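Asks: Return atomic coordinates for the entry below.
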Amino acid sequence: MNGTPQVQQVAVRDVRFGERVKLVEPCNLYGCEIADDCFVGPFTEIQNGATVGARTRVQSHAFICELVSIGEDCFVGHGVMFINDTFSTGGPARGRRELWRATKIGNRVSIGSNATIMPVSIADDVVIGAGSVVTKDITEPGSYAGNPARRLKGKT
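Replies: Numbering: from 1, shown residues only. Purely as a prediction, here's the structure:
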């Protein structure tokens, strides 16, 4: 092999920021919106069209893909992965956006480290345990954990 790779640098480009947003580089943010008083940790990618609500913290190594909307006062732990491709045809969509699905996260949602969030809706006031895999909508406040994530208890 004798090829030369095409190298692309991490960057912050075409992002709409609110006031007092704090970023820790390196992070790769493009075409997204990040509201007031947010924190974005290092080694984080937030893709085109994703939105992050006010006062939300996104910890290091998180991946927030297209079609994800995160509410206000949320916490996204280290290494949380959002998925927009469900492999509905038996494999990756390979850029066929019509096969991607959206994710909507409510307000005051905390997602533990290394959780995986499939295309779902999550209600306000929910806690997702570390390492959980959320495969279905969560419509009631409370704590959820496991693979697939199940309700542990309601909000107290």
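Asks: From now on I want contacts and neighbour counts done on CA atoms only, so please keep to that.
Replies: Fine.
Asks: Just give me the residue right at the centre of the protein.
Replies: The centroid of the chain falls nearest to Ile64 when counting by Cα atoms, centre = their mean (3.5 Å).
Asks: if I pick that residue, what's in contact with it?
Replies: By Cα atoms under 8 Å, 6 or more residues apart in numbering, the residues touching Ile64 are Glu45, Ile46, Gln47, Ala50, Met81, Phe82, Ile83.
Asks: switch the cut-off to 10 Å
Replies: Residues near Ile64 by Cα atoms under 10 Å, 6 or more residues apart in numbering: 29, 32, 44-48, 50-52, 58, 70, 76, 80-84, 103, 117.
Asks: Gln47 too?
Replies: 15, 28-33, 63-68.
Asks: Can you lay out those as TSV showing distance to Asn107, secondary structure and pLDDT?
Replies: Output for these, formatted as TSV (distance: Cα to Cα, whole Å; DSSP: H, G, I helix; E, B strand; the rest coil; pLDDT from 0 to 100):
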residue	distance to Asn107	secondary structure	pLDDT
Val15	22	coil	98
Asn28	24	strand	96
Leu29	22	strand	97
Tyr30	23	strand	96
Gly31	22	coil	97
Cys32	18	coil	98
Glu33	16	strand	98
Phe63	19	strand	98
Ile64	16	strand	98
Cys65	19	coil	97
Glu66	19	coil	96
Leu67	17	coil	97
Val68	14	strand	98
